[in-house]
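In: Take a look and give me a structure for this.
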Amino acid sequence: MFCNREFFPYGAGIILLGISTVLTDSGFLVVFNWAGIMLLFMAGMVRCFCGEGEWNFFSYLKMIVMMGIKTVVFSFHIFNLKDLKKGGREGEKEEEKREKMRSVLVGIVIAFVLLIVIFPLLASSDRVFAAIFENIFQMPENLHISSVVVIVCMTLFGILIIYGVFYAFAAGECCPKEGKRRNYEAVTGITFTGMIAAVYVLYCFVQVYVLFLKNDGGLPEGMTYAGYAQEGFWQLLFIGMINFVLVISVVYSFQKNRILDIILTVICGCTFIMTISAMYRMFMYVRVYHMTFLRILVLWFLILNLVMMTGVVIFIYKKKFSLFRFVTAAVSCGYILLSFLHPDYLAVSYNIGTMEKMTAADAVYMISTSSYDAAPALAEIHVEELDYSDGLYTERIVENELRQYFRRARQDDEKRTIREYNASVWRAAQVSPWKES
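Out: The predicted structure is shown next:
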């Protein structure tokens, strides 16, 4: 009962990611949906099989990685069904059964190899014999041998992985091995975090004075405010990740100390300001260079970082706070929301809605880089209203690019079977301004 209750949120996330996979054509989202499903499944299994004990953040990560590796290794144990715990006569009986099974398998392989040569000779020597097996092995018209092979391979792969997962967890050895917490003297932590915090405070003062209050007087000679605001967000994104790991590591590694807690809180506060600064810079950059899939991902991660750092602040003062589950919930909910919103569609619709005069080059770029998720927005582009003053493209070229985009969507949708159905591809075929094939 405990396992059912604890696994429910993980199972709900897995189902939502599965639904999202059917609704999107973005290769990026499909890959990360599968990765998210596997991670949620492993996290849920760790929660179910390894008890309710509160582990630290890094113990959870380590256990998920270790169980993932063990799953792959133990998947191949399905071919070796001997129970290592059995001995005496039971062990001998198991060994005898295994030997018989091996003998049967060897016989099947030998027969298969010989029949590859013998069967065509027999079939070519007698038409009636050939016709009998022709009817038996005749494939349905819509079924291709490649599809059968793929289905069989995926089924076998699924069986092996499921077996490996349960073998890995049933074998035990997933109890939390908590090391000694807070071993090191707090003075060391106070010293180096205090120095880092001092630098961060100075940096944040610059952000507030120059970036947020727009005081151009503090800028280097020759640099405009717009140019200043449009750079630095990648560096701040990386620093936010460093601070997240840094604060958690310090909390686990150093002895509890009020001064150290205050300094870590200051670092978290500075991280908030840096993250907001990075978001502000990104919005300034988007205003000039427009929105893309990657820029949406950056903004999404910055918002997610704010949420995770909030959890870190709580964790500094509340020892029993389960930071790993908080981060898992935040990342899962944030990513599921992102996958259902379709970043490709958001980027294109934002650009169409905010560009005063869209150029032909902008339109061609969006058409060539967008998945079918963006089809409803791309269908709103009016080719005759684009700006062709740069001379890079003509109206005919842009219209042809748009036609080809929707033609490919229709062709892709028509050749898909029910098993391969994708709502995004189907929608792209339906919203096409050109209905001819």
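
In: wait, Ile267 sits on Ala197?
Out: Yes - in this structure, Ile267 is within contact of Ala197 by Cβ atoms under 8 Å, at 5.2 Å. Glycine gets a C-beta too; all of them are placed from N, C-alpha and C.

In: continuing past the helix-or-strand element of the chain with minimal mean pLDDT, what's the next helix or strand?
Out: Across the helices and strands of the chain, mean pLDDT, DSSP states H and E gives its lowest value to helix 225-229, namely a mean of 61. Next helix or strand after helix 225-229 toward the C-terminus (DSSP states H and E): helix 233-253.

In: Counting by contacts, list what that following helix packs against.
Out: In terms of contacts (3 or more Cβ pairs under 8 Å, 6 or more residues apart in numbering; DSSP states H and E), helix 233-253 is packed against helix 57-75, helix 186-206, helix 258-289, helix 293-317.

In: can you list contacts of the second one?
Out: Contacts with helix 186-206, where a contact means Cβ atoms under 8 Å, 6 or more residues apart in numbering, come from 218, 246, 250, 253-257, 259-260, 263-264, 266-267, 270-271, 273-274.

In: among these, which ones are buried?
Out: For those, a burial check counting by 16 or more other Cβ atoms under 10 Å picks out 246, 250, 254, 257, 260, 263-264, 266-267, 270-271, 273-274.

In: quick one: pLDDT of Gly51?
Out: Reading off the confidence values, Gly51 has pLDDT 61.

In: What of Tyr289?
Out: For Tyr289, pLDDT reads 83.

In: Report the separation between it and Pro343.
Out: Per Cβ to Cβ, to the nearest Å, Tyr289 is found 16 Å from Pro343.

In: which one of the two has more residues nearby?
Out: Pro343 (26 against 10; other Cβ atoms under 10 Å).

In: The more buried one is in contact with Arg295, isn't it?
Out: No - counting by Cβ under 8 Å, Pro343 does not reach Arg295; the two are 9.1 Å apart.

In: For Arg407, what are phi and psi?
Out: phi -60, psi -40 (degrees, to the nearest 10).

In: What's the separation between it and Glu399?
Out: Distance, Arg407 to Glu399, by Cβ to Cβ: 12 Å.

In: And for Met358?
Out: In terms of Cβ to Cβ, Met358 sits 14 Å off from Glu399.

In: Ile242 now?
Out: Distance from Ile242 to Glu399, by Cβ to Cβ: 48 Å.

In: more neighbours, these two?
Out: Taking other Cβ under 10 Å, Ile242 and Glu399 do not tie; Glu399 has more neighbours (18 against 11).

In: Now Leu114: which helix or strand?
Out: For Leu114, the enclosing helix or strand under DSSP H and E is helix 88-125.

In: now swap in Tyr10 and tell me
Out: helix 2-23.

In: so where's the protein uncertain?
Out: Low-confidence segments of the chain (pLDDT under 70): 1-4, 51-55, 76-95, 97-98, 129, 133-148, 172-182, 215-230, 435-437.

In: For the closest residue to Ile276 other than its chain neighbours, list the residues it contacts.
Out: Ranked by Cβ to Cβ, 6 or more residues apart in numbering and with sequence neighbours excluded, the top spatial neighbour of Ile276 is Leu306, at 7.8 Å. With contacts defined as Cβ under 8 Å, 6+ apart, the neighbours of Leu306 are 272, 275-276.

In: Please apply the same query to Ala361.
Out: So Ala361 contacts 390, 392-393 (Cβ under 8 Å, 6+ apart).

In: Output stretch 270-283 as PDB, nothing but the C-alphas.
Out: C-alpha atoms of stretch 270-283 as PDB (Å, rounded to 0.1, in the frame of the first residue of the first chain):
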ATOM      1  CA  CYS A 270      22.300  37.000  -4.900                       C
ATOM      2  CA  THR A 271      21.500  34.000  -7.100                       C
ATOM      3  CA  PHE A 272      17.900  35.300  -7.300                       C
ATOM      4  CA  ILE A 273      19.100  38.700  -8.400                       C
ATOM      5  CA  MET A 274      21.500  37.100 -11.000                       C
ATOM      6  CA  THR A 275      18.800  34.900 -12.400                       C
ATOM      7  CA  ILE A 276      16.400  37.800 -12.700                       C
ATOM      8  CA  SER A 277      19.200  39.800 -14.300                       C
ATOM      9  CA  ALA A 278      19.800  36.900 -16.800                       C
ATOM     10  CA  MET A 279      16.000  36.800 -17.600                       C
ATOM     11  CA  TYR A 280      16.000  40.600 -18.100                       C
ATOM     12  CA  ARG A 281      19.000  40.400 -20.400                       C
ATOM     13  CA  MET A 282      17.400  37.600 -22.400                       C
ATOM     14  CA  PHE A 283      14.200  39.600 -22.800                       C
END
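
In: ok, residues contacting that stretch?
Out: Outside stretch 270-283, the residues within contact range by Cβ under 8 Å, 6+ apart are 197, 200-201, 203-204, 207-208, 211-212, 229-233, 236-237, 239-240, 243-244, 295, 298-299, 302-303, 305-306, 309.

In: Report how many residues lie close to Gln404.
Out: When neighbours are defined as other Cβ under 10 Å, Gln404 has 12 of them.

In: Roughly how far does it sit from Met284?
Out: 35 Å.

In: Same question for Ile14.
Out: Ile14 is 38 Å from Met284, by Cβ to Cβ.

In: Kindly report the same for Gln207.
Out: From Gln207 to Met284 the distance is 13 Å (Cβ to Cβ).

In: now do Met67
Out: For Met67, the distance to Met284 equals 44 Å [Cβ to Cβ].

In: Name the residue in those two with the higher neighbour count.
Out: Shown here are Met67 and Met284; by other Cβ under 10 Å, Met67 has more neighbours (22 against 19).

In: Check the offset of stretch 62-79 from the chain's centre.
Out: 20 Å (Cα atoms, centre = their mean, to the nearest Å).

In: Of all the residues in the very next helix or strand once past the helix holding Tyr10, which ones are buried?
Out: Next along the chain after helix 2-23, taking DSSP H and E as the criterion, comes helix 27-49. Using 16+ other Cβ under 10 Å as the test for burial, helix 27-49 gives 29-30, 32-33, 36-49.

In: residue contacts, the spatially most central residue of the chain?
Out: Computing the C-alpha centroid of the chain and ranking residues by Cα atoms, centre = their mean puts Phe32 first, at 2.4 Å. Counting by Cβ under 8 Å, 6+ apart, Phe32 makes contact with 335, 339.
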